[in-house]
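Asker: Fold the following.
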Amino acid sequence: MTTRTAATAALALAAALVLAGCSAGSEDDSTPVTEDDSTEQAAGVNDADVMFASMMIVHHEQAIEMSNIVLAKDDVDPEVATLAEEIKAAQGPEINQLNGWLDDWGVDPDEREIDGMDHGDGMMSEEDLAALEAASGTEASRLFLEQMIVHHEGAVEMAQTQVEDGSDPAAIELAQTIIDDQTAEIQEMEDLLASL
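Answerer: Below is the predicted model of the structure:
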């Protein structure tokens with residue numbers, strides 16, 4: 001009787017394990033299909049990755065535009081000019097890298113336009129850029145630093161979202177680099193502002 005009970009229990013356990021295995025297997029099998037149905041991106045890439053790359057390209061392009069505006073002036077603080085050069089040197093190659101990823105991921109260029117970005121993402125308005133363009137000397141240096149701090153804060157927030165929600169390891173790594181580098185630059189800019 002005991003042997004029979006033990007055998008029945010063992011059989012029930014084995015059946016449960018088989019069913020559990022089938023259930024787990026079917027869930028695993030269904031997950032990629034769902035992802036493939038919702039997007040036509042490369043394997044291992046999700047919507048957060050695409051959004052991060054697309055938005056960061058536009059964001060970086062504006063940072064370079066702001067840097068070019070201040071670098072065209074003869075009377076800005078030399079340390080501010082150096083910082084603007086450093087921002088251009090860092091973000092230009094990142095734009096190329098992000099565009100390359102979007103190409104590799106099969107994202108159509110028409111799908112890369114980001115119309116929803118606003119000042120909340122750290123983006124400057126046309127009025128902000130016009131004010132920077134019109135400023136000179138210490139005022140231009142101060143305005144550039146104030147605007148770029150806000151701009152960097154937006155980039156750090158976007159990068160943090162990518163670290164939390166992204167899927168592509170290289171994109172997550174770049175996002176963490178942006179967080180680290182731009183957080184350090186924010187501190188540098190705050191120090192420069194205090195010294196103007």
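
Asker: At which residues are the helices of the protein located?
Answerer: Taking DSSP state H to define them, one finds helices in the chain at 2-38, 47-71, 78-104, 126-134, 137-165, 169-195.

Asker: How about the contacts made by E146?
Answerer: Taking C-beta atoms under 8 Å, 6 or more residues apart in numbering as the definition of contact, the neighbours of E146 are L193. C-betas here are computed from N, CA, C, even on glycine.

Asker: Just put the helices of the chain in JSON lines and tack on distance to D110.
Answerer: Converted to JSON lines, those look like this (distance: least, C-beta to C-beta, whole Å):
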{"stretch": "helix 2-38", "distance to D110": "19"}
{"stretch": "helix 47-71", "distance to D110": "11"}
{"stretch": "helix 78-104", "distance to D110": "11"}
{"stretch": "helix 126-134", "distance to D110": "24"}
{"stretch": "helix 137-165", "distance to D110": "21"}
{"stretch": "helix 169-195", "distance to D110": "21"}
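
Asker: Out of those, which is closest to E111?
Answerer: Smallest distance to E111 across the helices of the chain (C-beta to C-beta): 7.8 Å, for helix 47-71.

Asker: can you put the helices of the chain in CSV and add distance to E111 and mean pLDDT?
Answerer: Shown next, in CSV, are the helices of the chain (distance: least, C-beta to C-beta, whole Å; pLDDT from 0 to 100):
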stretch, distance to E111, mean pLDDT
helix 2-38, 14, 39
helix 47-71, 8, 96
helix 78-104, 9, 96
helix 126-134, 25, 96
helix 137-165, 18, 97
helix 169-195, 16, 97
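
Asker: domains for the chain, by residue range?
Answerer: If the domains of the chain are taken from automatic domain parsing, they occupy 1-38, 44-195, with pieces of a single domain joined by a plus sign.

Asker: winner for burial among the ones you listed?
Answerer: Mean neighbour counts were taken over the domains of the chain using mean count of other C-beta atoms under 10 Å, and the top value, a mean of 17, falls to domain 44-195.
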